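*Asks:* Sequence and predicted structure are below.
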2 protein chains.
Amino acid sequence: MQRYKITLMYDGTAFAGFQRQPDKRTVEGVLTKVVNKMAKQPDPAIVVYGSGRTDAGVHALAQVVHFDFPFEIPAENMHKGLNSMLPLDMEISRVELAAPDFHARYDVSGKRYLYRMDLGKFRNPFKRNYTGHWKFPVDLAKINTALQDLVGEHDYTSFVASGAQTRTFVRTIYEATCRIDEHNNELIFEFYGNGFMYNQIRIMVGVLVEIGSGTRPVHDILRLYQVKDRKQARRTAPAAGLYLKHVYYLGEDPAHPTKLPPHQR
Amino acid sequence: MQRYKITLMYDGTAFAGFQRQPDKRTVEGVLTKVVNKMAKQPDPAIVVYGSGRTDAGVHALAQVVHFDFPFEIPAENMHKGLNSMLPLDMEISRVELAAPDFHARYDVSGKRYLYRMDLGKFRNPFKRNYTGHWKFPVDLAKINTALQDLVGEHDYTSFVASGAQTRTFVRTIYEATCRIDEHNNELIFEFYGNGFMYNQIRIMVGVLVEIGSGTRPVHDILRLYQVKDRKQARRTAPAAGLYLKHVYYLGEDPAHPTKLPPHQR
């Protein structure tokens, strides 16, 4: 028995999210099938554990999963073997032999997400699955001011979709940035924190673009912390613009180089 | 009765090409349906004429079509009205009132295509529908030398797929360039000529990357002109990397600013 840690990219467009569901094409479902096929075992003899879910249409530049394989094969062979069986909208970028106690989900100490918001006047057919779209002028300085209100430990109740199952809405955001990609005419948001809840980033982005366009006060996020009312955040930015960029584990995480991670969920 | 000239973008991924076919989703089919709906006429009372076909999976940054509308409405209203009914993988970028004798296909004097070839070592899930993929090292200088052999009036028989229906394989390429997009790690080809035949650009790109990687002599194109044998060109680059970038009409075409166009097909 050998535990493997897998880092993979996927284009979320054609997946009904990460989590396995009967009769739906999901990332976990496809991966589980391929890993069991590789081991010549009946699916789902080997279970695949992800770092966390992504929703339908959300992409990953570096999702992490682990599984226990019945025998050891070199990482490079596992890498080539799995990629040769995966569909073209998934691609494994790294395979590592992991310690028997490594856990892709429980050992997470932080995550980094990216959000691409197209600023074109018109919808761009080539971006519909890969960006959100905001056609109003935005003031980047206002967004960057507001982002500072998001950083730190806060109760993000106003920024969480109603379906979220969690004991507490308190999380920490270590870093929140926004820049303009002039070449592609997009806002590029990045958020790095100890954990994000259901739709949290998409709701935060919705608030931030409204602040950028002046339809919401620059420090409205401070008010939203107080009111604890998701309805006042209104907008949820589309799933298509969201990318899981990096999963940090204990010892790799700049915010937690050694100590135990805060409880994730 | 008013003739309209429409310029549109489409992501070719989910279309079975441009040309209308029963029971298939095509660009012409979707456009025809929407234009007739706009006129409240039974499809296909109004016929849509394109500048030419694009194959399944091929994209357009600026395809051109015309149709005759039963009554005149302002170009801006037509633009907004049609876009509001089109699916998200199509977008009209320009609507013009055209002269009654303008013809989107017969008046074409030239076309410009772009080809994106990803050079990444691994398949990129986000590019699978938008680029070709060539994982071998390439020498841009060799490709640029070879491109000069493509420019001019030539018999391109070796570069045409067997299904092509045409009286002559002689065409003129006015301009053929290649550059490396460092940011995206891609080769970007552009071809501007008086007309391209079935699969011609994809076959030319296949030959060019082989020249770039040294598996074919730099001036092999001159030999291919002589042998007039498509089998010797071998490879057809994937449809996903090909984009119709511009359709030139009489008077707009740098190569034919005034005179009558050469016969297109």
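*Replies:* Noted; the coordinates are in hand.

*Asks:* Verify the stated contact: residue A:43 with residue A:36.
*Replies:* Yes - taking Cβ atoms under 8 Å as the definition, residue A:43 is a contact partner of residue A:36 at 4.1 Å. For the C-beta atoms, the positions are set from N, CA and C on the backbone; glycine is no exception.

*Asks:* Enumerate the residues of the stretch 101-250 of chain A near chain B.
*Replies:* Proximity of the stretch 101-250 of chain A to chain B, by Cβ under 8 Å from any Cβ of the partner chain, involves residues A:122, A:123, A:124, A:125, A:126, A:128, A:130, A:183.

*Asks:* The fourth one is in what secondary structure piece?
*Replies:* Taking DSSP states H and E as the criterion, residue A:125 maps to no regular element, lying outside all helices and strands.

*Asks:* got the contact list for the nearest residue to residue A:154 once chain neighbours are set aside?
*Replies:* Leaving aside its sequence neighbours, residue A:154 sits nearest to residue A:225 (Cβ to Cβ, 6 or more residues apart in numbering or on different chains; 5.7 Å). By Cβ atoms under 8 Å, 6 or more residues apart in numbering or on different chains, the residues touching residue A:225 are A:154, A:155, A:156, A:158.

*Asks:* Most neighbours among these, which one is it?
*Replies:* Neighbour counts for the contacts of residue A:225 (other Cβ atoms under 10 Å in any protein chain shown) peak at residue A:156, which has 27 neighbours.

*Asks:* distance of that residue from chain B?
*Replies:* To chain B, residue A:156 is 29 Å away according to Cβ to the nearest Cβ, to the nearest Å.

*Asks:* burial count for the residue nearest to that residue when sequence neighbours are not counted?
*Replies:* With sequence-adjacent residues excluded and distances taken as Cβ to Cβ, 6+ apart, residue A:156 is closest to residue A:169, at 5.3 Å. Taking other Cβ under 10 Å as the criterion, the count of residues near residue A:169 is 16.

*Asks:* Could you double-check that residue A:169 sits in contact with residue A:157?
*Replies:* Yes - at 4.3 Å, residue A:169 counts as touching residue A:157 under the criterion of Cβ under 8 Å.

*Asks:* Quick check: neighbours shared by those two?
*Replies:* Listed contacts common to residue A:169 and residue A:157 are residue A:228; contacts here mean Cβ under 8 Å, 6+ apart.

*Asks:* So which residues of the stretch 101-250 of chain A form helices?
*Replies:* Taking DSSP state H, counting those that start in this stretch to define them, one finds helices in the stretch 101-250 of chain A at A:140-150, A:200-212, A:220-227.

*Asks:* Which segments of chain A make up each domain?
*Replies:* Here the domain assignment for chain A is A:2-98, A:109-249, based on automatic domain parsing.

*Asks:* Switch those domains over to JSON lines; also include mean pLDDT.
*Replies:* Output for the domains of chain A, formatted as JSON lines (pLDDT from 0 to 100):
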{"stretch": "domain A:2-98", "mean pLDDT": "95"}
{"stretch": "domain A:109-249", "mean pLDDT": "95"}
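
*Asks:* which one of those domains lies closest to residue B:200?
*Replies:* Among the domains of chain A, the nearest to residue B:200 by Cβ to Cβ is domain A:109-249 (23.5 Å).

*Asks:* residues in contact with the closest residue to residue A:221 other than its chain neighbours?
*Replies:* For residue A:221, ignoring the flanking residues on the chain, the nearest one in space by Cβ to Cβ, 6+ apart is residue A:149 at 4.1 Å. Residues in contact with residue A:149, defined by Cβ under 8 Å, 6+ apart, are A:219, A:221, A:222.

*Asks:* Likewise for residue A:134?
*Replies:* Residue A:134 neighbours (Cβ under 8 Å, 6+ apart): A:117, A:118, A:119, A:187, A:209, A:213.

*Asks:* The contacts of residue A:225 into a markdown table, with extra columns for distance to residue B:58?
*Replies:* Putting the contacts of residue A:225 into a markdown table (distance: Cβ to Cβ, whole Å) gives the following:
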| residue | distance to residue B:58 |
| --- | --- |
| A:154 | 48 |
| A:155 | 51 |
| A:156 | 45 |
| A:158 | 46 |
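
*Asks:* Return the subset of those residues lying in strands.
*Replies:* A:154, A:155 (DSSP state E).

*Asks:* closest to chain B among the contacts of residue A:225?
*Replies:* Closest to chain B out of those is residue A:156 (29.0 Å), distances taken as Cβ to the nearest Cβ.

*Asks:* I am assuming the closest one contacts residue A:200, so please confirm or correct that.
*Replies:* Yes - the pair residue A:156 / residue A:200 is scored as a contact, 6.0 Å apart, by Cβ under 8 Å.

*Asks:* so what sits against both of those two?
*Replies:* The contact sets of residue A:156 and residue A:200 overlap at residue A:171 (Cβ under 8 Å, 6+ apart).

*Asks:* rewinding a little: which among the contacts of residue A:149 end up buried?
*Replies:* By neighbour count, with 16 or more other Cβ atoms under 10 Å in any protein chain shown, the contacts of residue A:149 hold residue A:221 as buried.

*Asks:* Tell me the one of the contacts of residue A:149 nearest chain B?
*Replies:* Once Cβ to the nearest Cβ is applied, the member of the contacts of residue A:149 that ends up nearest chain B is residue A:221, at 30.8 Å.

*Asks:* hang on, the earlier thing: if I look at the residue nearest to residue A:154, how far off is residue A:159?
*Replies:* Residue A:225 sits 9 Å away from residue A:159, going by Cβ to Cβ, to the nearest Å.

*Asks:* ok, now residue A:13?
*Replies:* Counting by Cβ to Cβ - residue A:13 and residue A:159 are separated by 25 Å.

*Asks:* Equivalent analysis for residue A:59, please.
*Replies:* Taking Cβ to Cβ as the measure, residue A:59 falls 21 Å from residue A:159.

*Asks:* Which of these two has more residues huddled nearby?
*Replies:* The neighbour comparison of residue A:59 against residue A:159 (other Cβ under 10 Å) goes to residue A:159, with 29 against 26.

*Asks:* Isn't the more buried one up against residue A:208?
*Replies:* No - Residue A:159 lies out of contact with residue A:208 (Cβ under 8 Å); the separation is 10.6 Å.

*Asks:* quick revisit: just the helices of the stretch 101-250 of chain A: most buried one?
*Replies:* helix A:200-212 (a mean of 24; mean count of other Cβ atoms under 10 Å in any protein chain shown).

*Asks:* what angle sits between that helix and helix A:140-150?
*Replies:* Helix A:200-212 and helix A:140-150 are oriented at 140 degrees to each other (axes from the mean of the first three to the mean of the last three Cα atoms, to 10 degrees).

*Asks:* who touches helix A:200-212?
*Replies:* So helix A:200-212 is contacted by A:113, A:115, A:117, A:132, A:134, A:136, A:138-140, A:142-143, A:146-147, A:150, A:156, A:158-161, A:171, A:178, A:187, A:189, A:191, A:216-218, A:220-221, A:224, A:230, A:233-239, A:241-242 (Cβ under 8 Å, 6+ apart).

*Asks:* Torsion angles phi and psi at residue A:83?
*Replies:* phi -60, psi -40 (degrees, to the nearest 10).

*Asks:* Now do it: how many residues are near it, please.
*Replies:* Neighbours of residue A:83 under the rule other Cβ under 10 Å: 17.

*Asks:* neighbours around residue A:84, how many?
*Replies:* Per other Cβ under 10 Å, the neighbour tally for residue A:84 reads 9.

*Asks:* no wait, residue A:178
*Replies:* Neighbourhood size, residue A:178 [other Cβ under 10 Å]: 21.

*Asks:* Which positions are bridged to it in the beta structure?
*Replies:* Beta bridges link residue A:178 to residue A:189, judged by DSSP bridges.

*Asks:* Contacts only, for the residue in the stretch 151-265 of chain A that chain B sits nearest to.
*Replies:* Closest approach between the stretch 151-265 of chain A and chain B, counting by Cβ to the nearest Cβ: residue A:183, at 7.0 Å. Shown in contact with residue A:183 (Cβ under 8 Å, 6+ apart): residue B:183.
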